[in-house]
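Visitor: I would like to see how this sequence folds:
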Amino acid sequence: MRTKETLESILSFLPFSLWANVSILFAGVLVVCLLIYLIIKLFGRMKKSGEPSILIVGSMNTGKSCLFYQLNEGEFVETQRSMKEQEATFAIHEKFLKDKNPKAQKKKYHFIDWPGSPSLRLRLSDFYPITEKIVFIVDGTELDDDTFELFYKLLSAQKLKEKKIPFLVVLNKSDLIDSPDVKPMEKLFNRELSQLNKTYASTSFTKEQEDETENEITQLLDESEEFSLEKLQNTISFVKSSTKNGQIDEIIDFILN
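Guide: Okay, here's the model as predicted:
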């Protein structure tokens, strides 16, 4: 009891300025801790052990999650529309790698299955720093404006351009009768993106606006030259697939090579 009274007596003689300094120091420590927490939260999704990160993205109901589960479990899994991305690190299922190099059977990848809802796309750029390849899934039987606008957004993202991230456009649902061939779809993508390129030529974003909205949409090519996907910094390939039926060999080749 006497010890407590002695301590209180000593503290009562400490100058107010010292208490103020202690308070400021304590507040500073709290701010630093908060910043560290936010940094860990922001970059916590970064690769933990060096696995290549594959971003699976596309509009709604195109078969993204179906591909994710085929790669992981080797079978079709009925999925529901999600409002949150799912991430997992795993080796591609052995059923798809029987004729591949033994090393490929053991190699693990960090897969990110991004939901198709437009309302979630502001956070999509959080994954650009770790992305090494993009699998862009489209419903070949039912294309809409959102598909082309999302693809354009990805192609114009500065971080993805700087890293020259390769894209694989997957025309999914090839098991359906009205599924289109690759060549006509390449021409359609060229035509639609050429139109978007003209649209964004008249739209300018300041650096502050881009940072504020996480919107990095810019003109891909100068309007004076003929638009072509082959002229872009990123390599872009087109394939057909049926994720439902497990016909994903060309997707796997893209991931492995």
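Visitor: Which parts of the chain are helices?
Guide: Secondary structure of the chain (DSSP state H): helices at 2-12, 16-43, 64-73, 102-106, 145-156, 158-162, 182-201, 207-213, 249-256.
Visitor: Next, the angle helix 64-73 makes with the last one.
Guide: For helix 249-256 against helix 64-73, the angle between stretch directions is 70 degrees (axes from the mean of the first three to the mean of the last three C-alpha atoms, to 10 degrees).
Visitor: count of neighbours near the closest residue in space to residue 250 that isn't next to it in sequence?
Guide: The shortest distance from residue 250 to any non-neighbouring residue, by C-beta to C-beta, 6 or more residues apart in numbering, is to residue 239 (4.1 Å). Heads up, the C-betas are built off the backbone N, CA and C, glycines and all. Using other C-beta atoms under 10 Å, residue 239 has 18 other residues around it.
Visitor: Next: the one 10 residues further on.
Guide: Residues contacting residue 249 under the criterion other C-beta under 10 Å number 12.
Visitor: cool, and the one 4 residues further on?
Guide: Around residue 253 there are 13 other residues, counting by other C-beta under 10 Å.
Visitor: lowest-confidence stretch among the helices of the chain?
Guide: Among those, helix 207-213 carries the lowest mean pLDDT, at a mean of 45.
Visitor: what packs against the longest strand along the chain?
Guide: Longest strand in the chain, counting residues (DSSP state E): strand 131-139. If you count contacts as 3 or more C-beta pairs under 8 Å, 6 or more residues apart in numbering; DSSP states H and E, strand 131-139 packs onto strand 53-58, helix 64-73, helix 145-156, strand 167-172, helix 249-256.
Visitor: Mean neighbour count, these: which tops it?
Guide: For these, average neighbour numbers computed from mean count of other C-beta atoms under 10 Å are highest in strand 167-172, which has a mean of 25.
Visitor: for it, packing partners?
Guide: On a contact count with 3+ C-beta pairs under 8 Å, 6+ apart, strand 167-172 meets strand 131-139, helix 145-156, helix 182-201, strand 236-240, helix 249-256.
Visitor: any chance of those in a markdown table, with distance to residue 104 too?
Guide: Converted to a markdown table, the helices and strands packed on strand 167-172 look like this (distance: least, C-beta to C-beta, whole Å):
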| stretch | distance to residue 104 |
| --- | --- |
| strand 131-139 | 15 |
| helix 145-156 | 26 |
| helix 182-201 | 25 |
| strand 236-240 | 18 |
| helix 249-256 | 5 |
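Visitor: Indicate which one of the ones you listed is closest to residue 57.
Guide: For the helices and strands packed on strand 167-172, the distance to residue 57 is smallest for strand 131-139, at 6.0 Å, taking C-beta to C-beta.
Visitor: Mind checking the helices and strands packed on strand 131-139 for the one nearest to residue 201?
Guide: helix 145-156 (11.8 Å).
Visitor: what packs against that closest one?
Guide: Applying 3+ C-beta pairs under 8 Å, 6+ apart, we find helix 145-156 packed against strand 53-58, strand 131-139, strand 167-172, helix 182-201.
Visitor: Of all the ones you listed, which one is nearest residue 157?
Guide: Taking C-beta to C-beta, strand 131-139 is the member of the helices and strands packed on helix 145-156 nearest to residue 157, at 9.6 Å.
Visitor: what about dumping the CA coordinates of that closest one to PDB?
Guide: Extracted in PDB, the C-alpha atoms of strand 131-139 (Å, rounded to 0.1, in the frame of the first residue of the first chain):
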ATOM      1  CA  THR A 131      -0.500 -11.700 -61.000                       C
ATOM      2  CA  GLU A 132       1.800 -13.500 -63.500                       C
ATOM      3  CA  LYS A 133      -0.900 -14.800 -65.900                       C
ATOM      4  CA  ILE A 134      -4.500 -14.000 -66.600                       C
ATOM      5  CA  VAL A 135      -7.100 -16.600 -67.700                       C
ATOM      6  CA  PHE A 136     -10.000 -14.500 -69.000                       C
ATOM      7  CA  ILE A 137     -13.200 -16.700 -69.200                       C
ATOM      8  CA  VAL A 138     -16.000 -15.700 -71.500                       C
ATOM      9  CA  ASP A 139     -19.300 -17.400 -72.300                       C
END
